[in-house]
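Enquirer: only geometry, no sequence info:
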């Protein structure tokens with residue numbers, strides 16, 4: 001075999017559909033660098049986040065009765081551009097089956113002109129660039145084995161919130177770590193969860209029209225509707241483009257994600273109660289930060305970003321109700337198997353879930 005024919009990148013066939021370099025360039029331009037800090041301050045930030053994550057792992061395990069199996073959790077403090085590129089790598093791994101099918105359709109000549117990979121990369125880059133300005137921390141369940149336990153923290157964004165709102169850095173960083181470490185504990189204790197999420201995602205993507213021309217037409221409509229911001233005030237563009245079967249599957253994924261996010265929010269606040277003096281102040285600041293208005297809110301609704309915010313409240317209410325009725329041990333049954341996950345209806349009626357699972 002010729003050396004030139006061997007691909008050592010392990011990046012699959014996704015570059016044939018999306019120009020990730022263009023996506024990264026656009027994303028970084030949209031994101032901007034954010035607030036700057038000197039090298040000494042950044043190093044101190046890294047040390048404090050590392051300590052916060054280690055402390056959080058012990059506290060979360062004690063509070064929930066769930067444990068981390070494998071390497072201990074580790075903080076990776078990064079810039080916005082680093083976060084974008086890390087998420088592109090994760091996205092590429094998680095949607096690889098769909099990308100392979102799409103490329104196969106294109107190679108069969110169903111459409112003329114092929115895929116405009118740079119245009120698609122620019123679309124994705126713009127969306128991730130926007131989100132990179134908002135995210136504070138993230139646990140990525142799709143990391144390769146060598147990176148297991150890494151938790152992302154976007155340094156410029158955390159510094160910006162702390163400075164603008166005059167928050168206590170030690171308190172705020174521990175509070176953020178509690179949320180993200182809870183996600184690590186969830187996926188570690190329920191070792192089936194990562195595969196289940198990937199299976200649900202792939203099943204959903206299999207319902208997606210793989211005609212490249214229609215993919216680009218849909219993206220074009222999304223862009224135009226975001227610009228117009230006319231009738232997308234109560235429902236996201238992405239949701240509006242779904243077929244009925246896709247919507248049904250989407251509701252299942254939403255229920256699962258609401259549990260995951262709501263559980264993390266419940267735990268971070270439960271652990272912090274009585275331990276972090278400025279908890280009430282931080283909760284107010286974070287709520288105000290999420291409560292955007294004007295064009296930005298319309299954009300969030302258009303790309304479905306507002307669903308992420310709603311997940312916190314709906315899921316937290318479910319978790320709080322179940323813990324009150326059945327204790328943490330009762331709630332932990334949700335992590336035993338996929339069949340124990342609440343449905344969309346059960347998320348709004350927790351007693352139905354309790355009657356089924358307990």
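Expert: Received the coordinates, thanks. Here the structure is a predicted model, which is why all the values come from computation and not from measurement.

Enquirer: now what about stretch 37-46, what contacts it?
Expert: Residues outside stretch 37-46 that contact it (Cβ atoms under 8 Å, 6 or more residues apart in numbering) are 75, 77, 155, 158-159. Where you see a C-beta, it was placed from the backbone N, CA and C, and this is true even at glycine.

Enquirer: so the spatially most central residue of the chain, which of the three states?
Expert: When Cα atoms, centre = their mean is applied to the chain, the residue found nearest the centroid is residue 138 (6.8 Å). Under the three-state scheme (DSSP: H, G, I helix; E, B strand; the rest coil), residue 138 adopts strand.

Enquirer: how about residue 167?
Expert: Here residue 167 is recorded as coil under three-state DSSP.

Enquirer: part of a strand, is residue 142?
Expert: No - assignment of residue 142 by three-state DSSP gives coil, placing it outside any strand.

Enquirer: tally of neighbours for it?
Expert: Residues contacting residue 142 under the criterion other Cβ atoms under 10 Å number 17.

Enquirer: list the contacts of it.
Expert: 90, 93-94, 194, 198.

Enquirer: just residue 150 next, same as before
Expert: Residue 150 neighbours (Cβ under 8 Å, 6+ apart): 74, 76, 140, 143.

Enquirer: nearest to residue 120, of those residues?
Expert: Closest approach to residue 120 among the contacts of residue 150 (Cβ to Cβ): residue 140, at 22.1 Å.

Enquirer: that closest one touches residue 90, doesn't it?
Expert: Yes - Residue 140 sits in contact with residue 90 when judged by Cβ atoms under 8 Å, with a separation of 5.2 Å.

Enquirer: of the two, who's got more company?
Expert: residue 140 (21 against 16).

Enquirer: could you measure from that one over to residue 346?
Expert: Applying Cβ to Cβ, to the nearest Å, the value for residue 140 to residue 346 is 27 Å.

Enquirer: again with residue 264
Expert: Distance from residue 264 to residue 346, by Cβ to Cβ: 19 Å.

Enquirer: which one of those two has more residues nearby?
Expert: A direct count of neighbours by other Cβ under 10 Å for residue 264 and residue 346 places residue 264 higher, at 26 against 19.

Enquirer: isn't that one right up against residue 187?
Expert: No - with contact defined as Cβ under 8 Å, residue 264 does not count as touching residue 187 (11.1 Å).

Enquirer: quick one: residue 252 and residue 342 touch, right?
Expert: No - with contact defined as Cβ under 8 Å, residue 252 does not reach residue 342; the gap is 10.2 Å.

Enquirer: thinking again about what came up before, got a list of what the residue nearest to the centre of the chain touches?
Expert: Contacts for residue 138 (Cβ under 8 Å, 6+ apart) come out as 83, 87, 151-152, 154, 180.
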